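Participant: prediction below, plus the sequence it came from.
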Amino acid sequence: MAVAAGVSTFPLGALVDQRLRPLLLVLGATSVGLVALGVLLGVASLGPVAAVGLGVELVVSLHRRGAAIDGRTPLVAAGSLVVAELVEWSASARTAGLPGEPARQRIARLAALAVAALAVTAALAGVVELPFGDDLALAAVGAAGVALVTVAVTATARRAGEAD
């Protein structure tokens, strides 16, 4: 929950239009609440939903900013990945006992995935440099593209790790 709470604060720093602050606080609190429910109830599917909420929070914060993709975007992407994975770990430990894979290997794999997500998202943000302006739809498309590539890298890394 601490990771989700930390990630939810990043978009607040990018906010230009202070009228959106209450919306960001609700999105962040909802995402952290979903993480808490996922952990307490053992529902792994709430992790990705919370991660999407954190991404939406970032997109809303960048709306009306008029600048290129913010430097916080890679941090939110990697942090959201970590949040979703930690909720899944918690749920699987709750329902099936401790995972078969040693904790060190699992942590190392998660760290590698987070670094890969951070690197890919940072590279995309640097290459794309989409100005958001007032077009929230364009901001959402850009954020969705970054998220899609992050998911693709994660899935590929997982498949490679499972083959080992």
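Facilitator: Now that the structure is in, tell me what you want to look at.
Participant: what about the helices in the protein?
Facilitator: Secondary structure of the chain (DSSP state H): helices at 2-14, 21-41, 46-62, 72-96, 103-128, 136-163.
Participant: what's the average pLDDT for the longest one?
Facilitator: Averaged over helix 136-163, pLDDT sits at 62.
Participant: same question for the fourth one.
Facilitator: For helix 72-96, the mean pLDDT works out to 80.
Participant: what's the angle from it to helix 2-14?
Facilitator: 160 degrees (axes from the mean of the first three to the mean of the last three Cα atoms, to 10 degrees).
Participant: what's the answer for the third one, then?
Facilitator: Taking the same axes, to 10 degrees, one finds that helix 46-62 is oriented at 10 degrees with respect to helix 2-14.
Participant: so which of the helices of the chain is the most packed in?
Facilitator: For the helices of the chain, the largest average neighbour count (mean count of other Cβ atoms under 10 Å) is found in helix 46-62, namely a mean of 23. For glycine as for every other residue, the C-beta is placed from the backbone atoms N, C-alpha and C.
Participant: got the CA coordinates for that helix in PDB?
Facilitator: Presented in PDB, the C-alpha positions along helix 46-62 are these (Å, rounded to 0.1, in the frame of the first residue of the first chain):
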ATOM      1  CA  LEU A  46      -7.600  -5.500  -8.100                       C
ATOM      2  CA  GLY A  47      -3.900  -4.700  -8.500                       C
ATOM      3  CA  PRO A  48      -4.100  -4.000 -12.200                       C
ATOM      4  CA  VAL A  49      -7.300  -2.000 -11.700                       C
ATOM      5  CA  ALA A  50      -5.400   0.100  -9.100                       C
ATOM      6  CA  ALA A  51      -2.500   0.500 -11.500                       C
ATOM      7  CA  VAL A  52      -4.900   1.800 -14.200                       C
ATOM      8  CA  GLY A  53      -6.300   4.300 -11.600                       C
ATOM      9  CA  LEU A  54      -2.800   5.600 -11.000                       C
ATOM     10  CA  GLY A  55      -2.300   6.000 -14.700                       C
ATOM     11  CA  VAL A  56      -5.500   7.900 -15.100                       C
ATOM     12  CA  GLU A  57      -4.500  10.100 -12.300                       C
ATOM     13  CA  LEU A  58      -1.300  11.000 -14.100                       C
ATOM     14  CA  VAL A  59      -3.200  11.700 -17.400                       C
ATOM     15  CA  VAL A  60      -5.500  14.000 -15.600                       C
ATOM     16  CA  SER A  61      -2.600  15.800 -13.900                       C
ATOM     17  CA  LEU A  62      -1.000  16.400 -17.300                       C
END
